[in-house]
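In: here's my sequence, what's the structure:
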Amino acid sequence: MKKNIAIIMGGYSSEYEISLKSGQVVYETLQELGVYHVYKVHIFKEKWVYVTDTSEEFTIDKNDFSVTVSNKKITFHCVFNAIHGSPGEDGIMQAYFKLINMPHTSCNMYQAALTFNKRDCLSVLKPFGIKTAESYYINKGDELNEEAIINKVGLPCFVKANRAGSSFGITKVYKKADFKAALEIAYKEDNEVIIESFLDGVEVSVGVISYQGNTTVLPITEIVSENDFFDYQAKYLGASQEITPARISEEDAEKVRLIAKKIYEILKMTGFTRSEFIFKNGEPHLLEINTVPGLTKASILPQQAEAAGISRAQLFQNAINEALQ
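Out: Numbering: from 1, shown residues only. This next block holds a predicted model:
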């Protein structure tokens, strides 16, 4: 009997449009595969709805994550999580699914909440020898002390929303006078901000997944942005080169593979992750970890899987199989 799979997409953050694209790719891929009954479920603050191919909407019953269509109740065997940002990547959906005992394809609640909070995640990993940029933390309402920030992280530096993705809320700051405007941009996404030193080096993205029961490091992607950094335009509007495999030495590749795998295992991750690193003085420095990485046709993780001989269909089906186990 075919299992019912709900693909959740949308979300509460600025990333919802990208999430809808990721979710649509997952939906189309699984539909073509033909081994499941697949359902698109849009998760927004104002509504949770099953959306048919003709754009009809049916409200999800949050008591058990079911939906009733033509007087027939549909329940799901598994949820494929394609929500970037809150509530799909910060632990909220994971906690809800844990409560109702629903298998899902992403990591557990604690891991999602921790990795979504850049400040907390980097603090947890530093004692394990994971190198990171110098950082300075500030919250909305705190007094802005530009001199203290510059003394700690130097210029140029990056002002980032602490809990946001897809390069929303990030500004590269070159001079003291620009901090105020950069913080305003970051505060639109989050009331917590992390300010990091600029690392001048090769940027790479490393996918680590659980595949057929084994922690698997995918081929490494080198990021070459045409813009000042790997911003939204570079990520989604083609203003970058994503080169897989990365043009780095085998020694450097092995270094970053080992660190990415170590992070996955230290944090007891499951499902998909994509970690971003910059090489400084020959050493990979961790920027962040994504636990619901992009799954569109232009996204990095599916490109890496393909380079490893794993098709999109195999990638998505494996995630469901692992969740069901």
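In: so what's Thr59 up against?
Out: Taking C-beta atoms under 8 Å, 6 or more residues apart in numbering, we find Thr59 in contact with Lys47, Trp48, Val49, Val67. Placement of C-beta: from N, CA and C, glycine included.
In: likewise for Leu287?
Out: Thr132, Ala133, Glu196, Glu203, Ser275, Glu276, Phe277, Ile278.
In: count the neighbours of the second one for me.
Out: Right, Ala133. 19 (other C-beta atoms under 10 Å).
In: just grab the bridge partners of the residue nearest to Ile5 when sequence neighbours are not counted for me.
Out: Leaving aside its sequence neighbours, Ile5 sits nearest to Tyr36 (C-beta to C-beta, 6 or more residues apart in numbering; 4.6 Å). For Tyr36, the residues forming beta bridges with it (DSSP bridges) are Lys3.
In: look up how far Tyr27 lies from Tyr36.
Out: 10 Å (C-beta to C-beta, to the nearest Å).
In: the more surrounded of those two?
Out: Counted by other C-beta under 10 Å, Tyr36 and Tyr27 do not tie: Tyr27 has more neighbours, with 22 against 19.
In: packing partners for the helix or strand where the more buried one lies?
Out: Using DSSP states H and E, Tyr27 maps to helix 16-33. Applying 3 or more C-beta pairs under 8 Å, 6 or more residues apart in numbering; DSSP states H and E, one finds that helix 16-33 contacts strand 3-10, strand 36-44, helix 312-324.
In: hey, which of the ones you listed is tucked in deepest?
Out: strand 3-10 (a mean of 24; mean count of other C-beta atoms under 10 Å).
In: on that earlier part again, among the contacts of Thr59, which lie within helices?
Out: The helices, defined by DSSP state H, take in nothing from the contacts of Thr59.
In: okay, those residues in TSV with pLDDT next?
Out: Below are the contacts of Thr59 laid out as TSV (pLDDT from 0 to 100):
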residue	pLDDT
Lys47	98
Trp48	98
Val49	98
Val67	98
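In: distance between stretch 70-79 and the chain's centre?
Out: 28 Å (C-alpha atoms, centre = their mean, to the nearest Å).
In: now stretch 97-112: buried residues?
Out: Applying a neighbour-count criterion of 16 or more other C-beta atoms under 10 Å, one finds Phe97, Met102, His104, Thr105, Ser106, Cys107, Asn108, Met109, Gln111, Ala112 buried in stretch 97-112.
In: which phi and psi does the most centrally placed residue in the chain have?
Out: What sits nearest the mean C-alpha location of the chain, by C-alpha atoms, centre = their mean, is Asn290, with 3.0 Å. Note on Asn290: backbone dihedrals following degrees, to the nearest 10 are phi -100, psi 130.
In: my guess is it contacts Thr273. True?
Out: Yes. Asn290 lies in contact with Thr273 (C-beta atoms under 8 Å); the separation is 6.7 Å.
In: packing partners of the one helix or strand Ala112 maps to?
Out: Per DSSP H and E, Ala112 falls inside helix 109-116. Here helix 109-116 touches helix 92-99, helix 118-125, strand 283-290, going by 3+ C-beta pairs under 8 Å, 6+ apart.
In: now it: how far from the chain's centre is it?
Out: Worked out by C-alpha atoms, centre = their mean, helix 109-116 lies 11 Å from the chain centre.
In: report pLDDT for Met93.
Out: Looking at Met93, its pLDDT stands at 98.
In: that one touches Ala6, doesn't it?
Out: No. Using C-beta under 8 Å, Met93 makes no contact with Ala6, being 11.2 Å away.
In: now distance to Ala253 too, for the helices and strands packed on helix 109-116, in JSON lines please.
Out: What follows is the helices and strands packed on helix 109-116, written out as JSON lines (distance: least, C-beta to C-beta, whole Å):
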{"stretch": "helix 92-99", "distance to Ala253": "32"}
{"stretch": "helix 118-125", "distance to Ala253": "20"}
{"stretch": "strand 283-290", "distance to Ala253": "10"}
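In: let me know which of these is tucked in deepest.
Out: strand 283-290 (a mean of 21).
In: how many degrees apart are that strand and helix 118-125 in direction?
Out: Strand 283-290 and helix 118-125 meet at an angle of 130 degrees, taking axes from the mean of the first three to the mean of the last three C-alpha atoms, to 10 degrees as the criterion.
In: what's downstream of the helix or strand of the chain with the lowest mean pLDDT, the next helix or strand?
Out: Lowest on mean pLDDT, DSSP states H and E among the helices and strands of the chain sits helix 232-236, with a mean of 50. Using DSSP H and E, the helix or strand that follows helix 232-236 in sequence is strand 240-243.
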